[in-house]
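# I would like to see how this sequence folds:
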Amino acid sequence: MKPTPKQRIWMYESMLKSRLFDDALFEAYWEGKKPVFHMGKGPLPGEMHQSFGQEPTAVGVCAHLGPDDAVGAGHRPHHVAIARGVNLKRMAAEVFGKKTGLSGGRGGHMHLYDNNVNFFCSGIIAEGMGPGAGIALARKMQKKPGIAVAYNGDGAVNQGAFHEVMNMAALWKLPFVCVIEDNNYAVSVTTKESTVVPAWKRAAGYDCPGEYVKGNDPDLIFEAAARAVQHAREGKGPSILEIETERLHGHFIGDSAGYRSKDEVAGQKDPIPVYRKRLLDEKALTAADMETLEANVKEEVDAALKFARDSEYPAPTEALDRVYA
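Presented below is the predicted three-dimensional model:
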């Protein structure tokens with residue numbers, strides 16, 4: 001199953017929106033942190049994990065999902081959240097810790113939740129597996145439509161949660177898709193240094209399909225995701241979809257990635273200009289239409305950042321609201 005022209009345009013639009021959003025956050029993150037870096041300063045204190053280069057993994061899968069489906073991401077969630085349709089203004093406000101954020105500014109960028117589109121994420125490695133499979137179990141027990149998708153990095157496959165959830169999901173034939181974003185690094189450790197058997201090959205141990213997609217190509221990811229999603233919708237159980245992708249920046253803002261060689265960095269390919277050129281060459285969009293699309297995306301991102309900056313911070317007296325003991 002190949003993507004339609006409309007789907008391909010949406011994939012580019014979503015990837016670009018994620019990129020421009022991350023670009024804007026990157027600039028905001030450094031405010032107040034120069035000339036001497038202090039992680040706690042500025043409007044965005046703490047760590048910030050961004051999606052530069054991994055945008056295709058989100059759009060190729062989320063293009064197949066509907067309102068009854070649920071999606072969970074990991075600690076690098078912006079591209080998945082945007083592809084899923086999370087409200088961009090409220091997402092930006094949450095990252096800035098504002099009252100108008102998705103969780104009232106309490107979660108930050110690694111804990112984004114939007115019930116309107118069944119999206120969640122977690123900063124704990126592989127911890128999206130359990131909630132994702134739990135949602136899939138609920139759908140099956142209640143005989144309701146919908147599947148669950150959980151995104152993880154390649155380092156997450158060595159966590160116990162990965163094995164435990166895949167084992168039970170296969171045993172109970174849950175409508176569940178495990179997506180592995182293989183950017184070849186778990187922080188600073190390469191996949192070859194940490195993993196003997198890749199995730200997609202481990203699928204055989206759970207008696208379920210496993211597939212590896214090379215090239216960080218939105219069109220190829222779309223085709224592979226179609227098979228995984230159909231498998232889940234037909235009640236055949238889970239599958240593992242591992243996708244080769246790129247982490248164009250360090251693990252977090254401020255990580256100089258000195259553990260990577262100059263040749264490796266020079267060999268990286270940015271998927272967004274590559275896909276943009278393909279759409280123009282294949283006449284999926286005219287140059288004029290492309291300019292209009294890109295201007296509209298920039299306007300939307302700018303509006304979201306303005307909304308976030310203009311919103312109020314929660315009052316100190318609200319610190320214990322929504323806390324359950």
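
# show me where pLDDT drops low in this protein?
Filtered on pLDDT under 70, the chain yields the residue ranges 325.

# same thing but at 90, please
Filtered on pLDDT under 90, the chain yields the residue ranges 1, 34-38, 254, 256, 317-325.

# which residues of it fall in strands?
Here the chain has its strands, by DSSP state E, at 70-73, 119-121, 148-153, 176-182, 185-186, 189-190, 210-213, 239-244.

# Out of the ones you listed, which is closest to V297?
With C-beta to C-beta as the criterion, V297 lies closest to strand 119-121 of those, at 19.7 Å. For the C-beta atoms, the positions are set from N, CA and C on the backbone; glycine is no exception.

# just to revisit the earlier point, as a markdown table, the strands of the chain with distance to L285 and mean neighbour count would be great.
Shown next, in a markdown table, are the strands of the chain (distance: least, C-beta to C-beta, whole Å; neighbours: other C-beta atoms under 10 Å):
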| stretch | distance to L285 | mean neighbour count |
| --- | --- | --- |
| strand 70-73 | 27 | 27 |
| strand 119-121 | 28 | 25 |
| strand 148-153 | 28 | 29 |
| strand 176-182 | 27 | 29 |
| strand 185-186 | 33 | 20 |
| strand 189-190 | 37 | 14 |
| strand 210-213 | 24 | 18 |
| strand 239-244 | 24 | 26 |
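
# Format those strands as CSV; extra columns: distance to L20.
Output for these, formatted as CSV (distance: least, C-beta to C-beta, whole Å):
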stretch, distance to L20
strand 70-73, 19
strand 119-121, 20
strand 148-153, 21
strand 176-182, 20
strand 185-186, 24
strand 189-190, 30
strand 210-213, 25
strand 239-244, 22
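
# Can you say which of these is nearest to M48?
strand 119-121 (14.1 Å).

# centroid residue for this protein?
Central residue of the chain (C-alpha atoms, centre = their mean): V80, 3.0 Å from the mean position.

# ok now do it, which residues does it touch?
Neighbouring residues of V80 by C-beta atoms under 8 Å, 6 or more residues apart in numbering: 51, 57-58, 62, 71, 73, 119, 121, 151.

# Can you tell me which of those residues lies closest to L305?
S51 (16.2 Å).

# ok, now which ones touch that closest one?
Counting by C-beta under 8 Å, 6+ apart, S51 touches 18-19, 22, 58, 76-80.

# Find the pair from the residues you listed with maximum spatial separation.
R19 and P77, at 14.6 Å, using C-beta to C-beta across the contacts of S51.

# returning to what we had before: any idea how far the closest residue to the residue nearest to the centre of the chain other than its chain neighbours lies from P67?
The shortest distance from V80 to any residue other than its chain neighbours is 3.9 Å, reached at A73 (C-beta to C-beta, 6 or more residues apart in numbering). From A73 across to P67, the span is 18 Å (C-beta to C-beta, to the nearest Å).

# Check C208 too.
Separation of C208 from P67 (C-beta to C-beta): 26 Å.

# Over to Y185?
According to C-beta to C-beta, Y185 and P67 sit 34 Å apart.

# same question, Y313
Y313 is 32 Å from P67, by C-beta to C-beta.

# Run through the helices of the stretch 101-250 of the chain in chain order.
With helices called from DSSP state H, counting those that start in this stretch, the stretch 101-250 of the chain shows them at 129-141, 160-171, 191-194, 199-202, 218-233.

# and the longest one, how far from the chain's centre?
The reference is to helix 218-233. Between the centre of helix 218-233 and the centre of its chain there are 16 Å (C-alpha atoms, centre = their mean, to the nearest Å).

# Report the buried residues of that helix.
Within helix 218-233, the residues that count as buried by 16 or more other C-beta atoms under 10 Å are 218-226, 228-229, 231-233.

# Would you mind pulling the contact partners of that helix?
Contacts for helix 218-233 (C-beta under 8 Å, 6+ apart): 1-3, 7-8, 11-12, 15, 56-57, 59-61, 63-65, 136, 147, 175-177, 209, 211, 213-214, 237-239, 241, 243, 271, 275.

# Then the fourth one?
Counting contacts by C-beta under 8 Å, 6+ apart, the residues outside helix 199-202 that touch it are 154, 157, 162, 166, 178, 180, 182, 210-212, 240-242.

# Same question for stretch 11-18.
So stretch 11-18 is in contact with 3, 51, 55-56, 58-60, 62-63, 78-79, 82-83, 88, 218, 222, 271-272, 275-276, 279, 285, 293-294, 297, 300-301, going by C-beta under 8 Å, 6+ apart.

# Name only those of these that count as buried.
3, 51, 55-56, 58-60, 62-63, 78-79, 82-83, 88, 218, 222, 271-272, 275-276, 279, 285, 293, 297, 300-301.

# Inside helices: which ones of the residues you listed?
If you go by DSSP state H, these have 55-56, 58-60, 62, 78-79, 82-83, 88, 218, 222, 271-272, 275-276, 279, 293, 297, 300-301 in helices.

# what sits against the closest residue in space to M48 that isn't next to it in sequence?
Distances taken as C-beta to C-beta, 6+ apart place I253 nearest to M48, at 4.6 Å, with adjacent residues excluded. Neighbouring residues of I253 by C-beta under 8 Å, 6+ apart: 26, 29-30, 47-48, 50.
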